[in-house]
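# Got a predicted structure here, sequence first:
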Amino acid sequence: MNRRLILLLPLAGFLALAVFLYQGLSLNPFHRESALMAREFPAFDLATLKEPERRVDRDLLTTGELTLVNVWGEWCPECKREMPQLLDLAERHDIRLVGISWKDTREKALGFLEEFGDPFEVNIFDPDNELAFELGVYGAPETFLVDGDGVIRYHHTGYIAPGDVTETILPEVEQWR
């Protein structure tokens with residue numbers, strides 16, 4: 001009897017692990033809540049992309065105006081795909097956008113904006129992952145909706161598809177405007 005139990009124990013452990021891992025396959029990594037939801041945007045002091053001598057800080061997001069903060073990189077294919085949606089949000093929907101150029105060189109990031117367009121009022125240059133780390137960013141693109149007091153109200157992980165604009169982004173903007 002003891003021998004049977006000893007033989008079944010590894011099998012039971014394997015089955016439990018297999019069930020746990022199988023459940024993990026059904027989770028979508030793009031649907032996660034930000035730990036910063038309803039909290040102030042993290043403090044920072046970084047240079048802008050276009051003007052290296054100009055520094056910006058959290059005050060950039062406490063102007064009383066709702067802002068979409070988009071983390072992007074020249075190296076990111078999904079950032080290229082979402083640029084038409086960001087341009088549309090800035091131009092047609094009059095939404096203030098601030099970019100965070102993440103893990104880029106200044107030259108490549110500026111080339112990206114020249115090629116794909118620049119919907120951003122300002123781009124924060126974050127080549128060393130300082131601000132993105134504080135935001136909990138683990139991949140580009142990621143977008144944060146920040147109210148006029150600098151509080152994060154919504155977090156979109158991944159590419160903003162055309163349908164996301166009308167189904168998610170604009171309703172969130174209207175809710176917090």
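Thanks, I have it.
# Count the neighbours of residue 118 for me.
If you count neighbours by other CB atoms under 10 Å, residue 118 ends up with 18. C-beta here means a position set from N, CA and C on the backbone, and glycine is covered the same way.
# ugh, wrong one, residue 81
Taking other CB under 10 Å as the criterion, the count of residues near residue 81 is 15.
# Am I right that it is in a helix?
Yes. Assessed by DSSP: H, G, I helix; E, B strand; the rest coil, residue 81 belongs to a helix.
# give me every residue that touches it.
By CB atoms under 8 Å, 6 or more residues apart in numbering, the contact set of residue 81 is residue 159.
# what does residue 47 give?
If a contact means CB under 8 Å, 6+ apart, then residue 47 has 53-56, 124-125 as its contacts.
# Could you point out the helix or strand that follows the least confident helix or strand in the chain by mean pLDDT?
Lowest on mean pLDDT, DSSP states H and E among the helices and strands of the chain sits helix 2-25, with a mean of 67. Next along the chain after helix 2-25, taking DSSP states H and E as the criterion, comes strand 45-47.
# Paired strands for that following strand, with orientation please.
Partners of strand 45-47 in the sheet, by DSSP bridges, are strand 55-57 (antiparallel).
# Tell me who's in contact with residue 143.
Counting by CB under 8 Å, 6+ apart, residue 143 makes contact with 68-71, 155-156, 160, 169.
# who does it bridge with?
Beta-bridge pairing for residue 143 (DSSP bridges): residue 70, residue 156.
# quick one on the thing from earlier: dump the contacts of residue 143 into JSON lines; add distance to residue 106 and pLDDT as well.
Putting the contacts of residue 143 into JSON lines (distance: CB to CB, whole Å; pLDDT from 0 to 100) gives the following:
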{"residue": "68", "distance to residue 106": "23", "pLDDT": "97"}
{"residue": "69", "distance to residue 106": "19", "pLDDT": "98"}
{"residue": "70", "distance to residue 106": "18", "pLDDT": "98"}
{"residue": "71", "distance to residue 106": "16", "pLDDT": "98"}
{"residue": "155", "distance to residue 106": "27", "pLDDT": "96"}
{"residue": "156", "distance to residue 106": "26", "pLDDT": "95"}
{"residue": "160", "distance to residue 106": "25", "pLDDT": "96"}
{"residue": "169", "distance to residue 106": "28", "pLDDT": "96"}
